[in-house]
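Enquirer: Quick one: sequence plus predicted model below, questions after.
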Amino acid sequence: MTTVSIKNTKEIKKMRVAGKLVAEVLEMIETYIQPDVSTEELNYICHNHIINKQKAKPACLGYNGFPKSICISVNDVVCHGIPNYKNKLKNGDIVNIDVAIIKNKYYSDASKMFFVGQPTPLGKMLCEVAKKSLYSSLYIIKPGIYLNQIGKTIQKYVEKHNFSIVREYCGHGIGTKFHEDPQILHHNYYNSEQIQLRSGMTFTIEPMINAGKCEVKCMNDGWTIKTKDHSLSAQYEHTILVNEKGCEVLTIQKGETIPRILCNSY
Ligand code: MF3
Ligand code: CO
C-alpha cells in the first residue's frame, strides 16, 4: 500500500520557501545561457548561488553519487546530463536545467528548457508541447481526482502533437525527502491501487517528451540518459501543492503564463 504524506501549514510554509529558491535559480541562470558557455560554468554559477546567496543545499550533489549540483540536458539528452567544462552550448541547442534544493530540511525540484540563440522550429515546438503538457495537467488537479488522471491528461496532449512520452522516469512526492511516494507517471496506466489526490499533498510533475520514439538509453557514465533514436527531448518540471480547490505551483517563475494558484473547482 502506498501512503502519501499530507503536509500541514507549517510544512507548507517551508515548501513554499524552498520552491521560491528553486524558481529564483532558474530565473537567475537565464542570462548565462549563451553560445560557448560550458555546462560546468552554468553548474558553478548555480552552485554558488544556492550555497552563498540562498544559504541552501543543492539536492542533486552527491545524490546516489551524482557528481554535480544541477542536471543539464542538451538536445537528445533526456535527463540527468552531467555538467562538464568540455561540453559547450552552441546556437540552436535546446537545454534543460534541472534544479533541486534543500532549505530548512525541505526539498523543492523544478526544471525548464532554454534556447541557445535561435532554436530550430522543431526544437521550439517540442519545448512548447512539453511545457503545455505539464500545464494541461495542472488545470485538472484538485482533491478527489485519481492520480492517473495526471498522466492521462499529459499523454493526450503530447500524442495529439505526435511526440512521445518517456516511460522510464516519473514525478514523485517531495517534502523532507527528495523522492517520496507516490510516483507520478506521465502517461495513462492501469493501477489496481487507485490513489486519490488530497489537499496537502506535494509532488513533482516532470514530463520528458521526445520528438521521435519514446525509448531511451543510459550512457557509460551511468547517468546521462539519451533518446535511443537521437531525436530531441524536452522536459519541464514543477513542484506543486494540492490545495482545497486545485493546486499551487510552488516553483512558479517570472514570465510563466499560468497563475501561481489554480482554482480547478467551483
Ligand atoms: N531533479 C531530478 C528528479 O526529479 C533529477 C534528480 S537525479 C540526480 O529526481 F541525481 F541528478 F540528482
Ligand atoms: Co524531480
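Expert: That came through fine. Ligands and ions are numbered 1, 2, ... in the order given.
Enquirer: So which bits of the stretch 51-200 of the chain are right by ligand 1?
Expert: 60, 63, 64, 66, 71, 80, 98, 100, 109 (C-beta under 6 Å from any ligand atom). All C-beta atoms are positioned from the backbone trio N, CA, C, and that covers glycine.
Enquirer: Counting neighbours, what do you get for residue 2?
Expert: Using other C-beta atoms under 10 Å, residue 2 is surrounded by 11 other residues.
Enquirer: Leaving out sequence neighbours, find the closest residue to it.
Expert: In space, not counting the residues next to it along the chain, residue 2 is nearest to residue 181; the distance is 4.8 Å by C-beta to C-beta, 6 or more residues apart in numbering.
Enquirer: Give me the next element, helix or strand, following the helix or strand hosting that neighbour.
Expert: For residue 181, the host element (DSSP states H and E) is strand 180-184. Per DSSP H and E, the first helix or strand lying C-terminal to strand 180-184 is strand 202-205.
Enquirer: so how far is that following strand off the chain centroid?
Expert: With C-alpha atoms, centre = their mean, to the nearest Å as the basis, strand 202-205 stands 9 Å off its chain's centre.
Enquirer: going forward, begin numbering at 583 instead of 1
Expert: All right, first residue 583 from here; so that's strand 784-787.
Enquirer: Now look at it and say if it contacts ligand 2.
Expert: Yes - for strand 784-787, a contact with ligand 2 is found by C-beta under 5 Å from the ion, at residue 786.
Enquirer: Next: stretch 711-723.
Expert: No - Stretch 711-723 is not in contact with ligand 2 by C-beta under 5 Å from the ion; minimum separation 12.1 Å.
Enquirer: Would you pull up how far that stretch lies from the middle of the chain?
Expert: With C-alpha atoms, centre = their mean as the basis, stretch 711-723 stands 12 Å off its chain's centre.
Enquirer: what residues does it touch?
Expert: Applying C-beta atoms under 8 Å, 6 or more residues apart in numbering, the external contacts of stretch 711-723 come out as 694-695, 731-732, 735-736, 738-740, 743, 745, 768, 779, 787-791, 816-820, 822, 824, 828-829, 831, 839-840, 844, 846.
Enquirer: Go again with 7 Å.
Expert: 695, 731-732, 735-736, 739-740, 743, 745, 779, 787, 789, 791, 816-818, 820, 822, 824, 828-829, 831, 840, 844, 846 (C-beta atoms under 7 Å, 6 or more residues apart in numbering).
Enquirer: go on, stretch 770-785?
Expert: Applying C-beta under 7 Å, 6+ apart, the set of residues contacting stretch 770-785 is 583-584, 586, 588-589, 597, 723-730, 733-734, 737, 753-757, 764, 766, 821-826.
Enquirer: Pull out the buried members of those residues.
Expert: Buried members of these, counted by 16 or more other C-beta atoms under 10 Å: 586, 589, 597, 723-725, 727, 729-730, 733-734, 737, 753-757, 764, 766, 821-825.
Enquirer: Which of those fall within helices?
Expert: Applying DSSP state H to the buried ones among the contacts of stretch 770-785, the entries found in helices are 597, 730, 733, 734, 737.
Enquirer: Output these as a markdown table; include the columns pLDDT.
Expert: Listed next are these as a markdown table, based on pLDDT from 0 to 100:
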| residue | pLDDT |
| --- | --- |
| 597 | 98 |
| 730 | 96 |
| 733 | 98 |
| 734 | 97 |
| 737 | 98 |
